[in-house]
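Chemist: 3D, please:
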Amino acid sequence: MGAADPRAGNRIDRRRFLIGAGGAALALPMLREFAPRSARGADAAAPKRIIVIHHFHGRMVGTHDAEVWSPSASSGAYSASEVLSPMLASLGEVRDRFVTIDGVDDLVRHMTGSPDGHLSSNATATTCMPPTPDFVAGGPSFDYVAGELLRASTSQRASIVFPASVAGNGSYHSWPFYGPGGTEGYAVSTNPLESLVEVFGPPASTEPPPKKTLRDRLTARRSSILDGLAGEYVALAKKVSADDRKQLEQHADFIRMVESHLGGSLTADCMRPSEAAIPGFDPAGNSHGALDATITPWQIENLVMALACDATRVAGLHFWQSSELATFPSAFGGDSPIPPEQLHTMIHDSDNPQSGSAQVITQGFTEIGSLVAHLIARLAEVTDVDGAPLLDNTLVVWTSEMGYGSHLSYNIPVLLAGLPSAFPGGQGRHIVLPKRHSLGDLFTTVLGMVGVPDTTFGYQGKIGDTGVSQGNLAEWAGYYDGNEAFIRLDRPLHAGPIEI
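Modeler: This next block holds a predicted model:
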């Protein structure tokens, strides 16, 4: 037997390679074989995404006897030429991209027994869970739960809320968007210049980037099949020749590329928005929404690119100023006839759509509709990883915390847009549900539409489970189209999936 080879301690034969590198060694041949089908064959599958849009005060104007939000009193296709409805007039250009729904109620709100519509509605409309006695939300809102189910990994944000109005004093609160246990939801800055950096990081430096090490290459992305193997790769690299180390680095880059294709993580049009494109503005000058029509489209752009670049797969767009402060000046071509901080009061005086307050609010609401239409149109312009429009893989859910503005919790306005494959009956139509459903039914249905079936969202009991009395319920029962018998202690909070 000859002398021992002094290099034997550093030599990596096939057996040692398989033992030392473990899963990393086994992964490489598999990925080589799959790469041609992912990168050169059929387009990669795109992930499903959800956008939850929320505004306050529901339909704002009218009642079930004097409806100005619903496009029709019965189910059917929208007219191709007529205005959808007075409140939805500004969405006409994208009418073939969505459906509207009547017959969805916030039943959990009645479990509180509280006559105050704002506190109880804000705590229940997106969580579908009974709140605490002091109206702290009883759980996360739908966007967060859906985000946990759809995200690529636990390192990806479950949901990012984008406020749709600029605030100069930083006093924004995310409710009714909530995180774990009813905590404050994760919201970026109301200023799109700041939220852009929060989501995408600072602009790229003009300095040449430093040479990447193997560790840099392995940890360049936040979620990866290599995250758990990085240590073994680095250790292995120290034991091989320079040529083998180079080949190993190429394998690391190769796996990152395959992950991008297989995971659907980046759309074809993924691009960091440019700060320079956002017009200059003073956030302090937007106390009553004067800048919303100009600046909110840039916040919408940040949201769209957050989905396109896979920063998150669920996002919220929150029209929070409409609760009190908004005056919607763009809807009136400049000066608004809505006095500052009087919107709430005017809504309470708008049961009659012919009243002066109702007509002003109806016209003002078209500003929100225009911004929602812009979001839908922008999603249709962006190309997804599978070559389809981003809108085709994104379900937009637009709701509110009330039905009608006088604190009523039935007939919550519902608009569902995008993801046309999830609508067996097609889009461009209004649906009047044959039986009443809860918001929990709606959100459960939405989960099924994006490929998460058999998951019931929200509390799964009856209205009376919290100990509320029938006497408390009687105050609200008459608001359900005169059907006093509908709101009762033994009413289940779920009636089953909604047929879309």
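Chemist: I'd say S74 and V432 touch.
Modeler: Yes. Under the criterion of C-beta atoms under 8 Å, S74 lies in contact with V432, with a separation of 5.6 Å. C-betas here are computed from N, CA, C, even on glycine.
Chemist: Could you check which of the two has the larger neighbour count?
Modeler: More neighbours surround V432 than the other of S74 and V432, with 14 against 9 (other C-beta atoms under 10 Å).
Chemist: helix/strand/coil for that one?
Modeler: strand (DSSP: H, G, I helix; E, B strand; the rest coil).
Chemist: Test my guess that it contacts G103.
Modeler: Yes. Between V432 and G103 there is a contact under C-beta under 8 Å: 6.1 Å.
Chemist: lowest confidence element among the helices and strands of this structure?
Modeler: helix 23-39 (a mean of 35; mean pLDDT, DSSP states H and E).
Chemist: and the helix or strand where T345 lies, what does it pack onto?
Modeler: The secondary structure element spanning T345 is helix 343-348 (assigned by DSSP states H and E). On a contact count with 3 or more C-beta pairs under 8 Å, 6 or more residues apart in numbering; DSSP states H and E, helix 343-348 meets helix 356-381.
Chemist: partners of whichever helix or strand comes after the helix it packs on in the sheet?
Modeler: Moving toward the C-terminus from helix 356-381, the next helix or strand (DSSP H and E) is strand 394-400. Here the strand partners of strand 394-400, with direction, are listed using DSSP bridges: strand 49-55 (parallel), strand 414-418 (antiparallel).
Chemist: if you average pLDDT over strand 394-400, what comes out?
Modeler: Confidence over strand 394-400, taken as the mean pLDDT, stands at 98.
Chemist: tilt between that strand and helix 356-381?
Modeler: Inter-element angle recorded for strand 394-400 and helix 356-381: 170 degrees (by axes from the mean of the first three to the mean of the last three C-alpha atoms, to 10 degrees).
Chemist: Tell me where the model's unsure across this protein.
Modeler: 1-43, 169-170, 205-207, 209, 214-235, 246-265, 322-324, 475-484 (pLDDT under 70).
Chemist: do that again at 50, thanks
Modeler: Along the chain, the model assigns pLDDT under 50 to residues 1-42, 221-223, 225-226, 257-264.
Chemist: the domain parsing of it - what is it?
Modeler: When the chain is parsed with automatic domain parsing, its domains come out as 12-42+212-263, 49-204+282-477.
Chemist: export those domains to TSV and tack on distance to A485?
Modeler: Shown next, in TSV, are the domains of the chain (distance: least, C-beta to C-beta, whole Å):
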stretch	distance to A485
domain 12-42+212-263	51
domain 49-204+282-477	7
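Chemist: Highest mean neighbour count out of those?
Modeler: Between these, domain 49-204+282-477 has the highest mean count of neighbours, a mean of 20, where neighbours are mean count of other C-beta atoms under 10 Å.
Chemist: Spit out the contact partners of the spatially closest residue to H407 that is not a sequence neighbour.
Modeler: Counting by C-beta to C-beta, 6 or more residues apart in numbering, H407 lies nearest to G117, which is 2.8 Å off, once chain neighbours are set aside. Under the criterion of C-beta atoms under 8 Å, 6 or more residues apart in numbering, the contact partners of G117 comprise 109, 402, 407-409.
Chemist: Closest to A204 out of the residues you listed?
Modeler: Closest approach to A204 among the contacts of G117 (C-beta to C-beta): M402, at 44.5 Å.
Chemist: correct me, but that closest one touches H54?
Modeler: No. Here M402 does not reach H54: they are 11.2 Å apart, not a contact under C-beta under 8 Å.
Chemist: could you pull out the helices for the chain?
Modeler: Secondary structure of the chain, counting by DSSP state H: helices at 14-21, 23-39, 117-124, 142-150, 192-200, 214-218, 230-237, 242-263, 292-308, 343-348, 356-381, 439-449, 470-477.
Chemist: List of residues touching the fifth one?
Modeler: When contacts are taken as C-beta under 8 Å, 6+ apart, the neighbours of helix 192-200 outside the stretch itself are 160, 162, 166, 188-189, 272-273, 275, 278, 295, 298-299, 301-302, 305-306, 309, 311.
Chemist: May I have that helix exported as CSV, CA atoms only?
Modeler: What follows is the C-alpha trace of helix 192-200 in CSV, where atoms were taken according to Å, rounded to 0.1, in the frame of the first residue of the first chain:
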residue,chain,number,x,y,z
PRO,A,192,-46.3,57.5,-1.4
LEU,A,193,-42.7,58.8,-1.5
GLU,A,194,-42.1,57.2,1.9
SER,A,195,-44.2,54.0,1.4
LEU,A,196,-42.2,53.4,-1.8
VAL,A,197,-39.0,53.2,0.2
GLU,A,198,-40.7,51.1,2.9
VAL,A,199,-41.8,48.5,0.4
PHE,A,200,-38.9,48.5,-2.2
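Chemist: got the angle between that helix and helix 292-308?
Modeler: Here helix 192-200 points in a direction 10 degrees away from that of helix 292-308 (the same axes, to 10 degrees).
Chemist: and if you look at the third one?
Modeler: If you take the same axes, to 10 degrees, helix 117-124 sits at 20 degrees to helix 292-308.
Chemist: Adding distance to V197, write the contacts of G117 out as CSV.
Modeler: Below are the contacts of G117 laid out as CSV (distance: C-beta to C-beta, whole Å):
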residue, distance to V197
R109, 38
M402, 35
H407, 39
L408, 41
S409, 39
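Chemist: Could you single out the nearest of those to R49?
Modeler: When the contacts of G117 are ranked by distance to R49 (C-beta to C-beta), M402 comes first, at 26.6 Å.
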